[in-house]
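Student: Make a model of this:
(2 chains)
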There are 2 protein chains.
Amino acid sequence: MNKGQEFWELVKKSTGFGPNWDNINHITKIDPEKGLSSSDLEYLEGTDAVMVGGSDGVTAENTAEVLELLDDTDIPVILEPYSGEHVVGGNGKTNNFSASDYTAVASVWNGNEENFKGKHEQFFGSELPAVKQELYNEIESMVGDGLTGRAAKNIAGRGLDNKLLREAYIVQNPESAVAELTEATEPVDSETVGQIAGAVENFFDNFDILYIEYSGMYGDPEDVEAAAEMLEDTTLLYGGGISSEDQALEMLDSGADTVVVGDSFHEDPEEYRDTQV
Amino acid sequence: MNKGQEFWELVKKSTGFGPNWDNINHITKIDPEKGLSSSDLEYLEGTDAVMVGGSDGVTAENTAEVLELLDDTDIPVILEPYSGEHVVGGNGKTNNFSASDYTAVASVWNGNEENFKGKHEQFFGSELPAVKQELYNEIESMVGDGLTGRAAKNIAGRGLDNKLLREAYIVQNPESAVAELTEATEPVDSETVGQIAGAVENFFDNFDILYIEYSGMYGDPEDVEAAAEMLEDTTLLYGGGISSEDQALEMLDSGADTVVVGDSFHEDPEEYRDTQV
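Tutor: Sure, this is the predicted structure:
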């Protein structure tokens, strides 16, 4: 690679241009604790994107292992860290932020303060600026006098921003691990789901994604309908208990832009294949 | 006025194009409960914008009275409602949303859930869509066949969006009325102010404003410095206890884009004039 190509590769690895949601109807969620083997990769052929994340037993290392295997595929990879250390840590060669196409940062709307905004103070106020600084330095040292420090900062800053996806979660299964961890022990009714969608679309409108999460349990299509009615710019994800094509189609017909399938992939790959709509 | 002019007036009254913060260093905050008389207007000549809002004893009616008096001036007027009913209600002739140049919606970062996001479910999920619908209808009936319903929706939608300012508040005086109402009883140290600023700039980056509010008490310039260091796109407001030019300048020198003066205006207009930097 010449210097120009090398630079472009660096920019690409560190930045993103936003996923093309029109082409993403089906996402597979891979839990780093449950892991991934190279023989699993063939099953992923029919999915449109992969999310890597979980709430229990996730570490920077098991996350890095999954990302490394996925690096051999062309599937867009969305890292969904549970905490900042899953992003900045990694396998020693690179950090998990750079090893993913996008990094989705979750805020749980109906959980506790810490999980809606509290933990973001630490990540966006300290950790991310450090990642950014590292990236500045790398870009600057590479391009040298040809690029001023200011330009390097702009490239790094804009790149980071394009690569980050912001997610508002509504956690609807109070028995799930994520509900326990985030204290999202009160599911909300469909009308409230619609109101939350209105607030996300019109007030917290930097959120790329509203995610209705039934985690392990097939949910209420009326929630999806109520949210879809309020959303224009925000992408609507539904996840939870999908194990058949019919269920996937029902949620898409109800207005979800994308369905997310996780357990089925880990537990029954043949069944999982049917969900790939 | 011909139809074209009338239409343009309607669009202007209902929309905004964002304040020009470069020209706004000094804001006067008028508390509707304390009111405004026409003889007060001359004191406002040296201020760059006016905010109308308070947390105690505010009603749609006393808000409408203040807005009506300000309508005779050229000063940009920012309505800062404490709740949705101060926006959609009004003096019967118009609503307060239309009667202001901008409507700033406050979220208290270090208060309770309700005041960071909870109340926005109601406002953005139910009340605002109703205002929007009213505006659609007005625009559609005016323009008739010349404009499709979709175009009317777009104008109204974009207009509303431009007119709304989103504010993240850090409430630093635990003895103040706003702290009591929002349960912001724990002021944060300057380092945390900086981290919150990082989260607002990089995660909740649709916020137009970060507002450090010492409400009635002159605050710590280090808070302002810590926040300013993290902010690029977000406008930094400081408010609280400013009663002299020196204090106003100190906060501007520390990195505030704009200082907000309230009590001094209501209590000692001559002293207040000195704060107009």
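Student: drop to CA atoms for contacts and neighbour counts, all remaining ones
Tutor: Will do.
Student: got the CA positions of stretch A:263-277 in PDB?
Tutor: The C-alpha trace of stretch A:263-277 is given here as PDB (Å, rounded to 0.1, in the frame of the first residue of the first chain):
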ATOM      1  CA  ASP A 263     -31.100 -16.600  21.000                       C
ATOM      2  CA  SER A 264     -32.300 -18.600  18.000                       C
ATOM      3  CA  PHE A 265     -28.900 -18.200  16.300                       C
ATOM      4  CA  HIS A 266     -27.000 -19.500  19.400                       C
ATOM      5  CA  GLU A 267     -29.500 -22.200  20.200                       C
ATOM      6  CA  ASP A 268     -30.900 -23.600  17.000                       C
ATOM      7  CA  PRO A 269     -29.100 -22.500  13.800                       C
ATOM      8  CA  GLU A 270     -31.500 -24.300  11.500                       C
ATOM      9  CA  GLU A 271     -34.500 -22.700  13.000                       C
ATOM     10  CA  TYR A 272     -32.600 -19.400  13.000                       C
ATOM     11  CA  ARG A 273     -32.100 -19.700   9.200                       C
ATOM     12  CA  ASP A 274     -35.900 -19.500   8.800                       C
ATOM     13  CA  THR A 275     -36.000 -16.100  10.500                       C
ATOM     14  CA  GLN A 276     -33.800 -14.600   7.800                       C
ATOM     15  CA  VAL A 277     -36.500 -12.600   5.900                       C
END
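Student: Identify all contacting residues around that stretch.
Tutor: Residues from elsewhere that reach stretch A:263-277 (CA atoms under 8 Å, 6 or more residues apart in numbering or on different chains): A:25-26, A:28, A:30, A:34, A:43, A:46-47, A:216, A:241-249, A:261.
Student: Narrow those residues to just the buried residues.
Tutor: Buried members of these, scored by 16 or more other CA atoms under 10 Å in any protein chain shown, are A:25-26, A:28, A:30, A:34, A:46-47, A:216, A:241-244, A:247-249, A:261.
Student: mind listing which of the residues you listed are in helices?
Tutor: With DSSP state H as the criterion, helices contain A:Gln247, A:Ala248, A:Leu249 from among the buried ones among the contacts of stretch A:263-277.
Student: Kindly indicate whether the residue nearest to the spatial centre of chain A is helix, strand or coil.
Tutor: Chain A has A:Ala104 as the residue nearest its centroid, 3.5 Å off, counting by CA atoms, centre = their mean. For A:Ala104, the assignment made with DSSP: H, G, I helix; E, B strand; the rest coil gives strand.
Student: What distance do you get for it to B:Val188?
Tutor: A:Ala104 sits 28 Å away from B:Val188, going by CA to CA, to the nearest Å.
Student: Buried residues, stretch A:168-179. List them.
Tutor: Using 16+ other CA under 10 Å as the test for burial, stretch A:168-179 gives A:Ala168, A:Tyr169, A:Ile170, A:Val171, A:Gln172, A:Asn173, A:Pro174, A:Ser176, A:Ala177, A:Val178, A:Ala179.
Student: out of the residues you listed, which touch chain B?
Tutor: Residues of the buried residues of stretch A:168-179 in contact with chain B (CA under 8 Å from any CA of the partner chain): none.
Student: Tell me which residues touch the residue nearest to the centre of chain A, please.
Tutor: Shown in contact with A:Ala104 (CA under 8 Å, 6+ apart): A:Ile78, A:Leu79, A:Glu80, A:Pro81, A:Leu164, A:Leu165, A:Arg166, A:Glu167.
Student: Show me the strands in chain A, by range?
Tutor: With strands called from DSSP state E, chain A shows them at A:26-30, A:49-52, A:77-79, A:102-108, A:164-171, A:209-213, A:235-239, A:258-261.
Student: And whichever helix or strand comes after the fourth one, how far out from the chain middle?
Tutor: What it means is strand A:102-108. Using DSSP states H and E, the helix or strand that follows strand A:102-108 in sequence is helix A:113. Averaging C-alpha positions (CA atoms, centre = their mean, to the nearest Å) puts helix A:113 20 Å from its chain's average.
Student: A:Asp48 and B:Asn96, how far apart?
Tutor: A:Asp48 is 47 Å from B:Asn96, where distance means CA to CA.
Student: When these two are compared, which one has more neighbours?
Tutor: Set A:Asp48 next to B:Asn96 and count neighbours by other CA atoms under 10 Å in any protein chain shown: B:Asn96 wins out with 26 against 20.
Student: any idea how far B:Glu201 is from the more buried one?
Tutor: Distance, B:Asn96 to B:Glu201, using CA to CA: 29 Å.
Student: hmm, back to that, what's the closest of the ones in helices among the buried ones among the contacts of stretch A:263-277 to B:Asp233?
Tutor: When those are compared for distance to B:Asp233 (CA to CA), A:Ala248 wins out at 40.0 Å.
Student: Check what pLDDT the closest one gets.
Tutor: As predicted, A:Ala248 sits at a pLDDT of 98.
Student: hang on, it packs against A:Ala256?
Tutor: No: proximity of A:Ala248 to A:Ala256 does not meet the contact threshold set by CA atoms under 8 Å, at 9.5 Å.
Student: ok, back up a step: which of the contacts of A:Ala104 lies at the shortest distance from A:Pro129?
Tutor: Here the nearest of these to A:Pro129, counting by CA to CA, is A:Leu164; it sits at 13.3 Å.
Student: Contact partners for the nearest residue to A:Gly255 once chain neighbours are set aside?
Tutor: Spatial nearest neighbour of A:Gly255, chain neighbours left out: A:Ala228 (5.3 Å); criterion: CA to CA, 6 or more residues apart in numbering or on different chains. Taking CA under 8 Å, 6+ apart, we find A:Ala228 in contact with A:Gly194, A:Ala197, A:Leu236, A:Ser254, A:Gly255, A:Ala256.
Student: how close does the fifth one get to chain B?
Tutor: When distance is defined by CA to the nearest CA, to the nearest Å, A:Gly255 is 17 Å away from chain B.
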